[in-house]
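Visitor: compute the structure for the input listed below.
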Amino acid sequence: MTIDFRNANALWSSVLVEALVRSGVATVVVCPGSRSGPLAVACARHPHIEAIPVLDERSAAFFALGIAKRMGKPVGLICTSGTAAANFYPVIAEAHESRVPLLVLSADRPPELRDCRAGQAIDQVKLYGTYPNWYAELALPFASLDMLRYLRQTAVQAVRQCLQPHPGPVHLNVPLRDPLAPVSEPLPAELEGALVNFCDEIVPPQRLEPNASLPFSVWEQVERGIILAGVAQPSEPELYARAIAALAVALGWPVLAEGLSPVRNRAGLNPYLVAGYDAILRDRMLARSLAPRQIIQFGTLPTSKELRAWLAAADAQCWILDARYDNLDPLHGRTTHLAHAPQLLARSPALAARSPRPPSSYLRQWLVAEQRVQTAMARTLSDLDAPFAGKIAWLLAQLLPQETPIIVANSTPVRDVEWFWPPGDRRMHMFCNRGANGIDGTLATALGIAHRQQSSVLLTGDLALLHDTTGFLLRDRFVGHLTIVLVNNNGGGIFEQLPIAQFDPPFEEFFATPQSANFAKLCAAYGVEHCHVRDWSHFEDLLTPLPTDGIRLLEFHSDRRADARWRQQLLAKFYSQ
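Guide: Coordinates of the predicted model:
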């Protein structure tokens with residue numbers, strides 16, 4: 001055990017960190033500060049924890065979020081007292097909405113220094129409202145065996161609550177009195193011998209998955225059924241995709257797979273995969289003929305407005321398979337929630353006992369339409385020389401190495417992935433902050449996901465990147481490689497696709513908000529490699545192969561108004577061609 005006996009704060013912090021390590025926490029992101037000093041020292045001294053110092057609290061939090069999102073395990077996040085903890089707020093919301101296990105330890109003033117203008121003190125009690133899975137304020141450090149047992153139990157419970165009943169953030173508020181530096185003070189001598197094996201019996205908490213029975217008999221009676229593979233980042237993507245494929249084959253239902261679902265990047269597992277549903281459903285007559293009677297939904301709904309409008313009009317019975325009990329139906333339809341882990345379907349005896357159902361005319365109609373859309377998309381985009389941003393997603397899916405981690409920014413990039421990312425078998429690892437859907441922290445999240453992984457790629461717009469340029473300060477701590485593919489259309493391209501674009505003024509100034517930033521100079525300031533993409537051939541050369549270390553930005557210039565027109569025209573004609 002790594003126990004520091006120099007003073008009560010040191011003892012308290014080292015026992016806390018030791019208990020967290022024994023419970024499965026392997027990485028902690030630490031922001032600088034005085035009040036959090038004992039926690040920082042305990043992390044820095046522990047031989048079995050990766051302690052990463054990051055200056056900016058918001059960047060630190062999104063960096064930790066990215067690591068936790070990639071690992072699927074709780075990651076620690078430490079800050080000092082005062083507004084430092086407030087900078088974590090958007091990340092706590094994102095971690096809650098996207099079910100990412102994040103353990104926040106906010107140092108705080110002791111009770112006697114609150115509400116008395118002591119400085120660097122705000123009300124940190126339940127600072128993040130209802131977003132954390134669990135909140136606790138620790139007692140003040142006290143050097144007794146009973147209090148250290150309490151501390152150990154609380155640490156284990158905090159990690160457990162990060163994972164159960166579903167992954168999410170946990171907030172521990174940690175009040176500390178002086179001395180905050182590791183100066184020596186006398187402690188009870190009997191503690192040293194009593195703490196030798198103090199944390200040895202800790203067993204890391206495991207996630208528990210419920211297993212509800214499934215209404216196969218109901219589904220089997222329906223021919224006009226669909227499976228929605230929506231936004232999902234499961235810990236076992238291969239098993240997840242196999243489970244959905246097995247269900248599709250057993251029922252003879254098409255699988256409409258969102259670009260951020262593991263299913264679309266494992267197309268070989270699923271003969272009934274449909275990726276071009278947005279383009280298909282733009283043919284109104286065809287859309288009406290494809291209206292389903294039953295829906296099985298995995299993950300959150302795909303982003304496509306065409307799909308959502310079509311589902312709302314169909315008003316079909318929907319079954320949501322998800323191990324947690326969150327409401328995943330923003331359409332508020334006829335929905336039944338089945339608390340069943342999707343991965344368990346792959347090992348379900350009830351599913352294995354069912355013979356594959358022969359393809360129905362309904363299923364064949366979907367598959368013919370899908371083939372038509374994918375053929376037209378491939379032909380059109382391969383011949384397109386214009387700098388259309390949507391082509392980037394289409395090329396990335398085909399150029400990047402197997403299992404490349406790909407981080408997609410919100411707003412337009414995530415929609416381009418849904419619309420233009422073709423089905424394939426490269427088993428890409430897709431990531432996006434689709435819990436709260438914000439653009440804040442995009443760069444730091446991407447660096448967290450790419451940290452100590454194979455070379456990774458971030459697809460982002462200019463505003464999302466500018467919103468988080470302090471994330472570049474992580475460069476010296478980042479281990480690995482991240483290529484940033486920047487679509488610079490000098491403003492918010494997503495707004496060009498909304499009705500407000502017809503009203504200028506105030507559209508350009510208040511919605512598109514062009515910033516006219518010089519990214520080459522910005523990269524130079526942070527010591528990041530920068531390259532202007534000349535054309536599509538140059539873009540392909542830059543991606544094959546990817547570098548192995550550092551951060552690189554590839555800047556692709558496009559016209560957001562022209563891009564908006566291209567998206568409308570191409571999606572409308574893919575099926576009609």
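Visitor: only C-alpha atoms for contact and neighbour calcs from this point on.
Guide: Will do.
Visitor: report the rounded mean pLDDT for the helix or strand hosting residue 170.
Guide: Using DSSP states H and E, residue 170 falls within strand 169-175. Averaged across strand 169-175, the pLDDT comes to 98.
Visitor: name every strand pairing with it and say which way it goes.
Guide: strand 102-108 (parallel), strand 134-137 (parallel) (DSSP bridges).
Visitor: pick the most buried one from these.
Guide: The highest mean neighbour count among the strands paired with strand 169-175, using mean count of other C-alpha atoms under 10 Å, belongs to strand 102-108: a mean of 28.
Visitor: hey, where'd the helices end up in the stretch 401-550 of the chain?
Guide: Along the stretch 401-550 of the chain, counting by DSSP state H, counting those that start in this stretch, helices occupy 412-420, 442-450, 462-466, 507, 519-526, 536-543.
Visitor: worst average pLDDT in those helices?
Guide: Among the helices of the stretch 401-550 of the chain, helix 507 scores lowest, with a mean of 91.
Visitor: just how off-centre is that helix within its chain?
Guide: Here helix 507 shows a centroid-to-chain-centroid distance of 30 Å under the convention C-alpha atoms, centre = their mean, to the nearest Å.
Visitor: still on that earlier bit, what residues does the strand holding residue 170 touch?
Guide: Applying C-alpha atoms under 8 Å, 6 or more residues apart in numbering, the contact partners of strand 169-175 are 92, 95-96, 99-111, 124-126, 131-140, 158-159, 161-162.
Visitor: three-state assignment of the residue nearest to residue 76 when sequence neighbours are not counted?
Guide: Nearest residue to residue 76, sequence neighbours excluded (C-alpha to C-alpha, 6 or more residues apart in numbering): residue 28, at 4.2 Å. Here residue 28 is recorded as strand under DSSP: H, G, I helix; E, B strand; the rest coil.
Visitor: tell me how many other residues surround the closest residue to residue 334 other than its chain neighbours.
Guide: Nearest non-adjacent residue to residue 334, counting by C-alpha to C-alpha, 6+ apart: residue 317, 5.2 Å away. Look at residue 317: counted by other C-alpha atoms under 10 Å, it has 15 neighbours.
Visitor: report the contact partners of residue 317.
Guide: Each residue near residue 317 by C-alpha under 8 Å, 6+ apart is listed here: 293, 294, 295, 333, 334, 335, 336.
Visitor: then residue 532?
Guide: Listed by C-alpha under 8 Å, 6+ apart, the contact set of residue 532 reads 554, 555, 556.
Visitor: ChimeraX command for the buried members of the residues you listed?
Guide: Applied in ChimeraX, the following selects the buried portion of those according to 16 or more other C-alpha atoms under 10 Å:
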select :554,555,556
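Visitor: just the contacts of residue 532 now: which is nearest residue 373?
Guide: Sorting the contacts of residue 532 by how near they are to residue 373, with C-alpha to C-alpha, puts residue 556 at the top with 26.3 Å.
Visitor: partner strands of the helix or strand encompassing that closest one, parallel or antiparallel?
Guide: Per DSSP H and E: residue 556 is located in strand 550-557. Strand pairing for strand 550-557, determined by DSSP bridges: strand 481-488 (parallel), strand 529-532 (parallel).
Visitor: how far away from the center of its chain is the longest one?
Guide: On the basis of C-alpha atoms, centre = their mean, the separation between the geometric centre of strand 481-488 and that of its chain is 18 Å.
Visitor: and if you look at the shortest one?
Guide: Relative to the mean C-alpha coordinate of its chain, strand 529-532 is positioned 26 Å out (C-alpha atoms, centre = their mean).
Visitor: buried residues, it. List them.
Guide: Across strand 529-532, burial judged by 16+ other C-alpha under 10 Å covers residue 530.
Visitor: same check on stretch 266-281?
Guide: Neighbour counts over stretch 266-281 (16+ other C-alpha under 10 Å) mark 266-270, 272-281 as buried.
Visitor: that older thread, out of the strands paired with strand 169-175, which comes closest to residue 436?
Guide: Between those, strand 102-108 lies closest to residue 436; by C-alpha to C-alpha that is 15.4 Å.
Visitor: what does that closest one contact?
Guide: Strand 102-108 is touched from outside by 35-36, 64-65, 68, 74-82, 85, 92, 95, 121, 124, 158-159, 162, 168-176, with contacts defined as C-alpha under 8 Å, 6+ apart.
Visitor: which of the strands paired with strand 169-175 sits closest to residue 561?
Guide: strand 102-108 (39.3 Å).
Visitor: pull the distance from the closest one to the chain's centre.
Guide: On the basis of C-alpha atoms, centre = their mean, strand 102-108 sits 20 Å off its chain's mean C-alpha point.
Visitor: next: stretch 299-314.
Guide: 21 Å.
Visitor: and stretch 57-74, by the same measure?
Guide: Relative to its parent chain, stretch 57-74 has a centroid offset of 9 Å by C-alpha atoms, centre = their mean.
Visitor: wait, residue 553 sits on residue 488?
Guide: No - using C-alpha atoms under 8 Å, residue 553 is not in contact with residue 488, being 11.4 Å away.
Visitor: neighbour count: those two, which is higher?
Guide: residue 488 (24 against 21).
Visitor: please work out the average pLDDT along the helix or strand hosting residue 296.
Guide: Secondary structure from DSSP H and E places residue 296 in strand 294-298. Averaging pLDDT along strand 294-298 gives 96.
Visitor: report the buried residues of stretch 34-41.
Guide: Neighbour counts using 16+ other C-alpha under 10 Å place 35, 36, 37, 38, 39, 40, 41 of stretch 34-41 among the buried residues.
Visitor: now the contacts of residue 532 in TSV, with distance to residue 515 and pLDDT?
Guide: Shown next, in TSV, are the contacts of residue 532 (distance: C-alpha to C-alpha, whole Å; pLDDT from 0 to 100):
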residue	distance to residue 515	pLDDT
554	18	98
555	15	98
556	16	98
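Visitor: and the contacts of residue 532, which is closest to residue 520?
Guide: Residue 520 has its nearest neighbour among the contacts of residue 532 in residue 555, at 8.7 Å by C-alpha to C-alpha.
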